[in-house]
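A.B. asks: my questions are about this predicted structure, shown below with the sequence.
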Amino acid sequence: MPQLQLHPDRLFPSDSNVRAIARELYASVKDLPIISPHGHTDPSWFANNTPFDNAADLLIKPDHYVFRMLYSQGIKLTDLGVPTADGSATSTDNREIWRLFATNYHLFAATPSRMWLDHVFSEVFGFTDKLDSSTADQYFDAINEQLATPEFLPRALLDRFNIELIATTESALDTLPHHQKIQQDGLGHRVITAYRPDNVVDPDYEGFTDNLAEFGRITGCDISTWAGYLNAHRNRRAYFKSMGATSTDHGHPTARTANLSLSECEALYDIVKQGKATAEQADTFRGQVLTEMAGMCLEDGLVMQLHPGSVRNHNAQLFSQFGRDKGADIPERTEYVRALKPLLDKYGNEPNFTLILFTLDETVYSRELAPLAGHYPCLRLGPPWWFHDSPEGMRRFRQQATETAGIFNTAGFNDDTRAFLSIPARHDVARRMDCVSLAEWVSDHRIGLDEAMTLAYEMAYGLAKRAYKLG
Amino acid sequence: MPQLQLHPDRLFPSDSNVRAIARELYASVKDLPIISPHGHTDPSWFANNTPFDNAADLLIKPDHYVFRMLYSQGIKLTDLGVPTADGSATSTDNREIWRLFATNYHLFAATPSRMWLDHVFSEVFGFTDKLDSSTADQYFDAINEQLATPEFLPRALLDRFNIELIATTESALDTLPHHQKIQQDGLGHRVITAYRPDNVVDPDYEGFTDNLAEFGRITGCDISTWAGYLNAHRNRRAYFKSMGATSTDHGHPTARTANLSLSECEALYDIVKQGKATAEQADTFRGQVLTEMAGMCLEDGLVMQLHPGSVRNHNAQLFSQFGRDKGADIPERTEYVRALKPLLDKYGNEPNFTLILFTLDETVYSRELAPLAGHYPCLRLGPPWWFHDSPEGMRRFRQQATETAGIFNTAGFNDDTRAFLSIPARHDVARRMDCVSLAEWVSDHRIGLDEAMTLAYEMAYGLAKRAYKLG
Amino acid sequence: MPQLQLHPDRLFPSDSNVRAIARELYASVKDLPIISPHGHTDPSWFANNTPFDNAADLLIKPDHYVFRMLYSQGIKLTDLGVPTADGSATSTDNREIWRLFATNYHLFAATPSRMWLDHVFSEVFGFTDKLDSSTADQYFDAINEQLATPEFLPRALLDRFNIELIATTESALDTLPHHQKIQQDGLGHRVITAYRPDNVVDPDYEGFTDNLAEFGRITGCDISTWAGYLNAHRNRRAYFKSMGATSTDHGHPTARTANLSLSECEALYDIVKQGKATAEQADTFRGQVLTEMAGMCLEDGLVMQLHPGSVRNHNAQLFSQFGRDKGADIPERTEYVRALKPLLDKYGNEPNFTLILFTLDETVYSRELAPLAGHYPCLRLGPPWWFHDSPEGMRRFRQQATETAGIFNTAGFNDDTRAFLSIPARHDVARRMDCVSLAEWVSDHRIGLDEAMTLAYEMAYGLAKRAYKLG
């Protein structure tokens, strides 16, 4: 039976000098508490603290990294039990789903999913044999058994994972009942929300005009006017802030920002609110709202995050069958220098404003993002995102951004995940890879070991806390 | 006299742990038969099995990698004997041509051409002194002498090179006489063709309307109509398939695809067939034909290859003097995500369709190609192409594509070359570099050695056979 | 007290084999004279040979790498004494400025600025303690004291730094009084100028029409006509050449070139000279002048340099307060293949023309620049520029450009700096990193050690001399 054993030196370079330095640095940060300031876990877990379902429902059906790869090799999503949006049947045989996954586990060789999953299997569930078709049932049964125990309740895992703080992400229309419960139960300091208003900002979002109506209803603002629309955002931001939010998040097709006159804004909003915006008008509107959001950050102190550059729902057939977030979001080229100028012209030099930038287009690290963040006081660079949240992706980020932006213009790590059990694995990969970068710089005498120790702490813990204004 | 000696550890990292693993992996694949599913060797060599000409005609005049570099340093193409298209004189003094090449051989330091040529000189011809001006004549005479022997006949070299299968590439207008002869001689299982219809698909191709007429003539189809034009393709595809073809290949300026209505197709074809297409119409037409070709792949089972992104014949003066393929094809930025959407919307989820994508724009590996191939069941990634068929190019491909696409969404190696003698050298570089990637992942514990052994076999042999449906 | 000590193996890989080779190569080039064929030092230093001012005026206020990073972390430029353009106050307390810099010196960890500054502190000023808040005053006093000594006069430093040749860069309107003095003092062979006509070529340049008038005045040419305008360039080029210039330099937003008919040029110039050019016309004009400059290079033998791709003065607020060159120039995507075609169609095959290309967009190394330079006889690749003049930037350049362009199509190193004291540091980093690339190729047997020795010499010294036609 092939053994599953996480090597203590995993991800460290083979060279004995560099490895020794990496080990020393990693030892100093591996047990630091986890700060998870941006992610997509379900707040009902922490509010209700009820047991997770079986292995397939927890680890396969909701993880688009996992079913994306299986789908690419010809496995049907319905055979994996992915829920359909069009009402067509999907497998409910969780054991068979798990077996199908196990049989194809070799497809994940050398991917981060494999690393995260093996970490979960070994560290969270205690397996010592590798997952394959021969161990599929053993895994399925043992996972389900453990999930039913008190040690695997969500709040117990928060403790076990040493999570000091975790932020979820909710839409502008969410009334945050789970966060209310979380606060009532005294967990408000550990589990907070973040304001993600895409569904009332993006005229191309499904149901946008209905969303606007609901936005008006829950805020009591007159969303028939631009001023009322902005006030509805102010209202919701304040409410999210009362539920712990320290940040907003914006997932836009591009990084475009705009700085229109008031009358232009009003005229544009009149078109947008009726659902009549052209593609160009929709993009301008999204860009204008980003600039307005930056202004509100100066009012209420929230930190702003921008995640642009994903072509959502690229696979039309799959989207109609399964709906959003089914692994068919594909990055495209993303421009920041001219796109961000209107916002930066207005707020770029404000000392109390923070805008954390993410990208799916790695070519901008050295060409655009590092030069921008190495100049504008408001800018910080978020960690490698999504497809690039991986050992090689992290290495490229540090190699391409550091020489121009330095370390202190970066915002630490965040896991950006809905896969709760993988959070320690993801932070562990980030801590290891940051220690590898530091160890390489120490080994070729670019920085001293003492300096590297300080930087390792910042990259694992300090930078995220400061960038997101946490405690 | 400087010695020429191929080091057994060439291209392996210096670190002793990684090198040892790379050695072990490489030992397990180095003697696997060569699968060469995409290339440009001349089928008349294998049909006629007559001796190759002298060293200059074999190794310099047809190799645009070689004369490109010499030209960039001020050496005239006519001094290298490159044949002219405009009838102007070119050198016929092959010994002088060889001397000129030898004298400038230092220009190739650290390039793949140098690696391939040294491999040919050492392994194929048995030289033990390095090529330079002092050894030029010795090389010239010894190569010519060996080329005249039976051991250097094309079919003998097929055996000696351990080539299990090699595909040539022929135009839609080629009647494939050499492949007929190859089949008659019982070599049809080893030397096959591939269908490359650019000259009847691309309205900007030299002589396009004449080509269309010829296309109708040889197929007996009525190419005055869109339906007849498509049938002519069906006819030719079937004939190519009977000559062993398992794939088509398309070399387009962009990756654009289209999915027009039948009436739009008919109207567009009416313009195109008269040679009156605008640049935009020509690009749409190429894109529409790509989608039609995908549909035909579902009918006849051929695999589709797309090689976009080269600005052909960039050097206008050289093109008029020497014609196509003279080293002045320069890559440009290439977009895939929106370009391929029409084709993928129609056929992207078909289980029996395979589209192998190539690129000259490495920025798309992590941003576009790996996310696409890591999702769509029909997509596979071809190996690093042309300028990127090199040690560093291969390293970047594995580092940037693997974490999202995995290994099983790649299509193994192909040499894409007309330089027959360099085929073993090129596959050897690919096998070494793939083993280096694997060795690095083993050494930092991302994968196990047993898993790496399996993957090394797949990368050297298995993936290409399956992706191209060979045997 | 933390020690400042430059490690003799800095920037060399940890692997003992590679490090040993790198050491040997570096030993052979580290003492070669410095060729600095492109830079921005002030010629008045060498003409007047008066002592430099204090530490803050020499090392902080003029160095946009330094104050850019400090500004990005919230430190005001006026607190750093950066001179204002709008007349607002700026700090004149040089000791406080220095302390502020010293206190924040940790921000530069792992950046090239830190490496250059530590080199200057250790090698030029002899410090043995690291710079931080506790050593700030010690540094400030000791630097000022040394600057007042004869050993720190500019000409003495030319000797001490072993600078064989340094080129400054002057505008087309500069009458070059300092270079006249330099020639009179017999230093003309060591300190030369370069012709940078942006302010009379770029219709978007501040004061462009006034500049044109001055251009006519100082040349006596009739700049009301296109022919007269071109003659004014010829006149100035000849004068710059008499002041030692061997090159021109062009800093354009894009790499666009044009090849208009004479009547089109005349019509365009009529618009441009009145300051009425649209953005598109301005870009065409810049492109046309580049092609004209190439033609003049054939007449007068000057070498042409092109530095495109920077969005200048991105921070509008800072630009209005402080003026040009204040750290807010941000790169953007830059296209070369189609942009350069008009110029290359006309002059690309000329054996006596040299065009050295630079870029801030690293994606073009492997995709565009190396294929172009590996074909066109006139093209050479300049070293990594600006943000990319760094260890990782240099590594990426060699990894991405060499396999297609080779080494002999590159133009050696240039420091492109106004920070005179850092010139040895910058050349030292380049020599080390080039030796690292060579050592890696030797260690994995791509090239031999003897060949690497020759290449190291070329990269450190020979290539720059030949590319810039120096001596």
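C.D. replies: Happy to help now that I have it.

A.B. asks: who in the stretch 351-471 of chain A is up against chain B?
C.D. replies: A:360-363, A:387-388, A:390-393 (C-beta under 8 Å from any C-beta of the partner chain). Just so you know, the C-beta spots here come from the backbone N, C-alpha and C atoms, and that holds for glycine as well.

A.B. asks: let me have the residues you listed in TSV, adding distance to B:Gly186, pLDDT and neighbour count as columns.
C.D. replies: Output for those, formatted as TSV (distance: C-beta to C-beta, whole Å; pLDDT from 0 to 100; neighbours: other C-beta atoms under 10 Å in any protein chain shown):
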residue	distance to B:Gly186	pLDDT	neighbour count
A:Leu360	52	98	25
A:Asp361	52	98	23
A:Glu362	51	98	24
A:Thr363	51	98	21
A:Phe387	48	97	23
A:His388	51	98	25
A:Ser390	49	98	24
A:Pro391	50	98	24
A:Glu392	47	98	20
A:Gly393	51	98	22
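
A.B. asks: next, the contact list for A:Gly275, please.
C.D. replies: Contacts for A:Gly275 were tallied using C-beta atoms under 8 Å, 6 or more residues apart in numbering or on different chains; they are A:203, A:208-209.

A.B. asks: which one (most neighbours) among those?
C.D. replies: A:Pro203 (24 neighbours; other C-beta atoms under 10 Å in any protein chain shown).

A.B. asks: which SSE is A:His119 in?
C.D. replies: helix A:112-119 (DSSP states H and E).

A.B. asks: elements contacting that helix?
C.D. replies: helix A:64-72, helix A:423-443 (3 or more C-beta pairs under 8 Å, 6 or more residues apart in numbering or on different chains; DSSP states H and E).

A.B. asks: which strands or helices does the shortest one pack on?
C.D. replies: When contacts are defined as 3+ C-beta pairs under 8 Å, 6+ apart, helix A:64-72 sits against helix A:94-103, helix A:112-119.

A.B. asks: helix A:112-119 and that helix, what's the angle between them?
C.D. replies: 120 degrees (axes from the mean of the first three to the mean of the last three C-alpha atoms, to 10 degrees).

A.B. asks: quick one: average pLDDT of helix A:64-72?
C.D. replies: With pLDDT averaged residue by residue, helix A:64-72 scores 97.

A.B. asks: and it, how far out from the chain's middle?
C.D. replies: Centroid displacement of helix A:64-72 relative to its chain, using C-alpha atoms, centre = their mean, to the nearest Å, is 18 Å.

A.B. asks: can you show me the strands along chain A?
C.D. replies: A:34-36, A:163-167, A:170-171, A:191-192, A:195-196, A:247-250, A:303-306, A:310-311, A:330-331, A:355-357, A:379-381 (DSSP state E).

A.B. asks: so can I have a markdown table of the helices and strands packed on helix A:112-119 showing distance to C:Ala419 and mean neighbour count?
C.D. replies: Formatted as a markdown table, these follow (distance: least, C-beta to C-beta, whole Å; neighbours: other C-beta atoms under 10 Å in any protein chain shown):
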| stretch | distance to C:Ala419 | mean neighbour count |
| --- | --- | --- |
| helix A:64-72 | 47 | 23 |
| helix A:423-443 | 23 | 24 |
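
A.B. asks: so which bits of the stretch 201-350 of chain A are right by chain C?
C.D. replies: A:335, A:337-338, A:341, A:344-345, A:348-349.

A.B. asks: show me what contacts the residue most central in space within chain A?
C.D. replies: By C-alpha atoms, centre = their mean, chain A has its centre lying nearest to A:Asp416, at 1.9 Å. Applying C-beta under 8 Å, 6+ apart, we find A:Asp416 in contact with A:38-40, A:385-386, A:389.

A.B. asks: CSV please, covering these and showing neighbour count and distance to A:Pro62.
C.D. replies: Shown next, in CSV, are the contacts of A:Asp416 (neighbours: other C-beta atoms under 10 Å in any protein chain shown; distance: C-beta to C-beta, whole Å):
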residue, neighbour count, distance to A:Pro62
A:His38, 26, 18
A:Gly39, 19, 13
A:His40, 18, 10
A:Trp385, 21, 19
A:Trp386, 21, 16
A:Asp389, 23, 17
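
A.B. asks: list just the nearest of those to B:Glu292.
C.D. replies: Using C-beta to C-beta, A:Trp386 comes nearest to B:Glu292 of the contacts of A:Asp416, at 34.3 Å.

A.B. asks: ranges for the helices of the stretch 101-250 of chain A?
C.D. replies: For the stretch 101-250 of chain A, the helices defined by DSSP state H, counting those that start in this stretch occupy A:112-119, A:136-147, A:154-160, A:177-184, A:198-201, A:208-219, A:226-242.

A.B. asks: let me have the ones you listed in JSON lines, adding mean pLDDT as columns.
C.D. replies: Putting the helices of the stretch 101-250 of chain A into JSON lines (pLDDT from 0 to 100) gives the following:
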{"stretch": "helix A:112-119", "mean pLDDT": "98"}
{"stretch": "helix A:136-147", "mean pLDDT": "98"}
{"stretch": "helix A:154-160", "mean pLDDT": "98"}
{"stretch": "helix A:177-184", "mean pLDDT": "98"}
{"stretch": "helix A:198-201", "mean pLDDT": "98"}
{"stretch": "helix A:208-219", "mean pLDDT": "98"}
{"stretch": "helix A:226-242", "mean pLDDT": "98"}
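
A.B. asks: re the thing from before, B:Cys297 is nearest to which of the strands of chain A?
C.D. replies: Per C-beta to C-beta, nearest to B:Cys297 of the strands of chain A: strand A:330-331, 22.2 Å.

A.B. asks: of the residues of the stretch 201-350 of chain A next to chain C, closest to B:Ala467?
C.D. replies: Closest to B:Ala467, out of all of these and judged by C-beta to C-beta, is A:Glu335, at 34.5 Å.

A.B. asks: number of nearby residues for that closest one?
C.D. replies: 17.

A.B. asks: got a list of what A:Asp450 touches?
C.D. replies: C:Pro2.

A.B. asks: now swap in A:Thr404 and tell me
C.D. replies: So A:Thr404 contacts A:366, A:370-371, A:374, C:111, C:387, C:390 (C-beta under 8 Å, 6+ apart).

A.B. asks: now with 10 Å?
C.D. replies: A:365-367, A:369-375, C:65, C:68-69, C:72, C:111-113, C:331, C:386-388, C:390, C:392-393 (C-beta atoms under 10 Å, 6 or more residues apart in numbering or on different chains).

A.B. asks: just to revisit the earlier point, so can I have CSV of the contacts of A:Gly275 showing distance to B:Phe215?
C.D. replies: Converted to CSV, those look like this (distance: C-beta to C-beta, whole Å):
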residue, distance to B:Phe215
A:Pro203, 48
A:Phe208, 50
A:Thr209, 52
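
A.B. asks: any idea which of those is the one closest to chain C?
C.D. replies: Proximity of the contacts of A:Gly275 to chain C (C-beta to the nearest C-beta) peaks at A:Pro203, which lies at 27.3 Å.

A.B. asks: quick one, what contacts that closest one?
C.D. replies: A:209, A:212, A:268, A:271-279, A:281-286.

A.B. asks: kindly recompute the last result at 8 Å.
C.D. replies: A:272, A:275, A:277, A:281-282, A:285-286.

A.B. asks: mind putting the residues of the stretch 351-471 of chain A next to chain B into a markdown table with distance to B:Tyr105?
C.D. replies: Below are these laid out as a markdown table (distance: C-beta to C-beta, whole Å):
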| residue | distance to B:Tyr105 |
| --- | --- |
| A:Leu360 | 44 |
| A:Asp361 | 40 |
| A:Glu362 | 37 |
| A:Thr363 | 35 |
| A:Phe387 | 42 |
| A:His388 | 41 |
| A:Ser390 | 41 |
| A:Pro391 | 39 |
| A:Glu392 | 35 |
| A:Gly393 | 39 |
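
A.B. asks: what's the domain layout of chain A?
C.D. replies: As recorded under automatic domain parsing, the domains making up chain A are A:16-50+A:161-467, A:51-152.
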